[in-house]
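**Q** Dropping the sequence and predicted coords here.
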Amino acid sequence: MINSHVHLDFDHIHTITENAVVIVPSIGKQNWQQVQMYPYFALGVHPWSVESHTQQDLDTLEYLIKCSNPIAIGECGLDFAKNIDRSKQLYIFEYQLQLAETYKFPVIIHAVKATEEVILLLKKYPKVTGEIHGFSGSEVQARTLVDMGFYLGFGLQILNDKPLRLKKIVQNLALESLLIETDDHANPNNLILVAEKIAQLKQIAVEDLSKQCDNNAILLFGLQ
Ligand SMILES: [Zn+2]
């Protein structure tokens, strides 16, 4: 079972069972080196990290994307729930979309209270595809993104009783557009709980669900 988004290099994350296939995104220059220890990693600047990044850092990012063989650019995106300069978030996110277009990489996107703004920007780069990880938007936004060729990632938040909206989105979403993840949750082996919950919502066997999600990750990120 492929964990499409897990910060394995963070100190608080437990080790993962052997043979687990994981995609490890970076959050900025502070861990561009560390994530390269994993077979499948992504390079980018997370919206929470934009304030510490200069144009020189973006040039370094471009160099690393060209020569270190990441599977995607990310994570990048917009977070308007945080008090972080929005124009800098927009600039650095769009810069990474341009890199994705130029070098033909998928993007791994963090979008919190900014899904509409993310969609608007993505429309300027119709050739760019990728994943909205930890999806938290509306049903309409989910449909728009899927129509644009994006995959939506879901994690342990789906286990809570509360987000009925998310459960409804998952129920209505095509299996071909789903990815599963544990993000910064302490135990990445709990991915199975996410798979079980989504399989239950979609009324299919968990084996079928995880097989489809694996295929989706392989297709999107070109995994070998
Ligand atoms: Zn993340």
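**A** Arrived safely.
**Q** Which residue is the nearest non-sequential neighbour of Asp214?
**A** Distance criterion Cβ to Cβ, 6 or more residues apart in numbering; nearest residue to Asp214, sequence neighbours excluded, is Ile2 at 4.8 Å. For every residue, glycine as well, the C-beta is placed using N, CA and C.
**Q** what are the bridge partners for that neighbour, then?
**A** Beta bridges link Ile2 to Val21 when assigned by DSSP bridges.
**Q** That one contacts Leu219, correct?
**A** No - using Cβ atoms under 8 Å as the test, Ile2 is too far from Leu219 to be in contact (11.1 Å).
**Q** Compare those two and say which is more crowded by neighbours.
**A** It is Ile2, of Ile2 and Leu219, that has more neighbours when counted by other Cβ atoms under 10 Å, with 21 against 11.
**Q** Would you state the helices of this structure in chain order?
**A** Using DSSP state H, the helices of the chain run over 32-35, 55-67, 86-103, 115-122, 139-147, 164-172, 191-202, 206-221.
**Q** orientation of the second one relative to helix 86-103 in degrees?
**A** Here the directions of helix 55-67 and helix 86-103 differ by 30 degrees (axes from the mean of the first three to the mean of the last three Cα atoms, to 10 degrees).
**Q** Which neighbours in the sheet does the lengthiest strand in the chain have, and how are they oriented?
**A** Among the elements of type strand in the chain, defined by DSSP state E, the one spanning the most residues is strand 72-79. If you go by DSSP bridges, strand 72-79 pairs up with strand 41-43 (parallel), strand 107-112 (parallel).
**Q** quick one: the longest one to chain centroid distance?
**A** On the basis of Cα atoms, centre = their mean, to the nearest Å, strand 107-112 sits 6 Å off its chain's mean C-alpha point.
**Q** Quick one: mean pLDDT for that strand?
**A** Per-residue pLDDT values across strand 107-112 average out to 98.
**Q** quick one, that strand and helix 139-147 angle?
**A** Using the same axes, to 10 degrees, strand 107-112 lies at 170 degrees relative to helix 139-147.
**Q** hmm, who's touching strand 107-112?
**A** The set of residues external to strand 107-112 that reach it, using Cβ atoms under 8 Å, 6 or more residues apart in numbering, is 5, 23, 25, 42, 44, 46-47, 72-82, 96-97, 100, 118, 128-137.
**Q** Give me the buried subset of these.
**A** Burial of the contacts of strand 107-112 was assessed by neighbour count (16 or more other Cβ atoms under 10 Å); the buried members are 5, 23, 25, 42, 44, 46-47, 72-80, 96-97, 100, 118, 128-137.
**Q** Name all residues that make contact with the residue nearest to Asp214.
**A** When contacts are counted by Cβ under 8 Å, 6+ apart, Ile2 touches Val21, Val22, Ile23, Ile180, Cys213, Asp214, Ala217, Ile218, Leu223.
**Q** ok, and the most crowded of those?
**A** The most crowded member of the contacts of Ile2, judged by other Cβ under 10 Å, is Ile23 (30 neighbours).
**Q** thought that one was touching Asp214?
**A** No - the pair formed by Ile23 and Asp214 falls short of the contact definition of Cβ under 8 Å, at 11.6 Å.
**Q** So, low pLDDT: which residues of the protein?
**A** Nowhere does the chain drop to pLDDT under 70.
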